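Participant: Here's a sequence, model it:
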Amino acid sequence: MHFDLLHTDTKSRARVGLLHTDHGTIETPIFMPVGTVGSVKGVHQQELRDDINAQIILGNTYHLFLRPGIDVLEAAGGLHQFIGWERPMLTDSGGYQVYSLSGSRKINEEGVKFQSHIDGSYHFFTPERAIDIQRSIGADIIMAFDECTPYPCDYQYAKRSMHMTHRWLKRCMDRMEQTEPKYGYNQALFPIIQGSVYKDLRTESAETIASFDAVGNAIGGLSVGEPDEELYEMTDHVCQILPTEKPRYLMGVGTPVNLLECIALGIDMFDCVMPSRNARHGMLFTWEGTINIKNKKWEMDFSPIDTSGKAFVDQVYTKAYLRHLIKTGENLGIQIATIHNLAFYLDLMKEARKRILDGSFVEWKNAITPKLGQRL
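Facilitator: Residues are numbered from 1 along each chain as shown. The predicted model follows:
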């Protein structure tokens, strides 16, 4: 796996690159749809490929470990084979679940003991175990095991947690060197920068992570409730420390405006449940702004979902019909809304790449973000 940095914008730090994996090449900047349990909710793999044009999707180690289980995934030949997805894939190590399961887990130097949200059974993840599980899942990019701190977070806690994350990273790297991929293709480990919203901690963490010389680097512990200003400040600061020749992955971010602002700061890769989760509640992202399709104002609107959209659902279905499906609880409504939102996010990335290459990115971003951030 390697990264080719093709072009950097002269008016910002926005970049265009190619991340080469054994399952294909990813054009950056890129948004990665989240398929937590081996499925992007409500979307067939064919639609992910052909209409949304997802170049890479995510799975989650914690959830896949619990269901369907590692034995099933290994017997299937890995997650790619299990779900019928031939393009690249990334797995989150489970560190975010350490954060989200705060009421049912215990953390110590060795690892994390947690209680399953499914049946209450207890399990123990160590950095080594997280690597072993991700070897079995078989993603192209696997993440180091870390602790994602909450917001707000006490400085001393953030510091202790960050140092433990760094020690866990060393154990993850050692485990990667001691083990081999199981399915005949390469896997790359991305370490994760932590440090909450404290600049000195983020500096130390970014320098430490960069010293490991991994194929790519991730920024974690953001988009957990902090204001956008702090998200941008920490991202800006870290991107000035990380090596320019390696891809930068900002985990769990975010809105269309967040994506464009962070692309301008030098981020190459994003993931977030927002487009798919919001779709299930009737919230649509469009080039004109955000739509709550449940609102009565769309009841008699027979125009396309998004007149600027390129997904087939935008050309075939109207706002009035989608509102009807969502209001009546039809599964088709969720499917249409999810395809639309994900296709919009991928189209946004495609347009950003085009604008970076032709030199108009900053002007375009500044013109489009007020519109993207408004409610219609």
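
Participant: Least confident secondary structure element in this protein?
Facilitator: helix 95-100 (a mean of 70; mean pLDDT, DSSP states H and E).

Participant: Would you mind identifying the next helix or strand past that one?
Facilitator: strand 105-107 (DSSP states H and E).

Participant: what's the offset of the following helix or strand past that next one from the middle of its chain?
Facilitator: Along the chain past strand 105-107, the next helix or strand (assigned with DSSP H and E) turns out to be strand 112-115. From the chain centre to the centre of strand 112-115 is a distance of 23 Å (Cα atoms, centre = their mean, to the nearest Å).

Participant: For strand 112-115, C-alpha coordinates in PDB please.
Facilitator: Provided in PDB are the C-alpha atoms of strand 112-115 (Å, rounded to 0.1, in the frame of the first residue of the first chain):
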ATOM      1  CA  VAL A 112     -10.400  -3.000  27.900                       C
ATOM      2  CA  LYS A 113     -13.000  -5.200  29.500                       C
ATOM      3  CA  PHE A 114     -16.500  -4.500  28.100                       C
ATOM      4  CA  GLN A 115     -19.900  -5.900  28.300                       C
END
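
Participant: So for it, what gets flagged as buried?
Facilitator: Neighbour-count burial for strand 112-115, counted by 16 or more other Cβ atoms under 10 Å, picks out 112, 114. Placement of C-beta: from N, CA and C, glycine included.

Participant: can you check stretch 273-286 too?
Facilitator: In stretch 273-286, counting by 16+ other Cβ under 10 Å, buried: 274, 275, 276, 278, 279, 280, 282, 283, 284, 285, 286.

Participant: mind listing what the third one touches?
Facilitator: When you say that, I think you mean residue 276. Residues in contact with residue 276 (Cβ atoms under 8 Å, 6 or more residues apart in numbering) are 33, 34, 40, 41, 42, 43, 338, 341, 342.

Participant: Relative to residue 369, which of the residues you listed is nearest.
Facilitator: residue 341 (17.7 Å; Cβ to Cβ).

Participant: Residue 284 is in contact with the closest one, correct?
Facilitator: Yes - under the criterion of Cβ atoms under 8 Å, residue 341 makes contact with residue 284 at 6.3 Å.

Participant: Can you pull the residues that touch both of those two?
Facilitator: With Cβ under 8 Å, 6+ apart, residue 341 and residue 284 have common neighbours residue 278.

Participant: Isn't residue 47 up against residue 336?
Facilitator: No - Residue 47 is beyond contact range of residue 336, at 10.5 Å (criterion: Cβ under 8 Å).

Participant: now the helices: where do they sit in the stretch 251-376 of the chain?
Facilitator: In the stretch 251-376 of the chain, the segments counted as helices under DSSP state H, counting those that start in this stretch are 256-265, 274-280, 312-316, 319-327, 331-358, 361-372.

Participant: Likewise for the stretch 1-150 of the chain?
Facilitator: 45-50, 61-66, 70-76, 79-83, 95-100, 127-137.

Participant: Go through the ones you listed and find the least confident stretch.
Facilitator: For the helices of the stretch 1-150 of the chain, the weakest mean pLDDT is recorded on helix 95-100, namely a mean of 70.

Participant: Residue 308: what's it in contact with?
Facilitator: So residue 308 contacts 286, 287, 288 (Cβ under 8 Å, 6+ apart).
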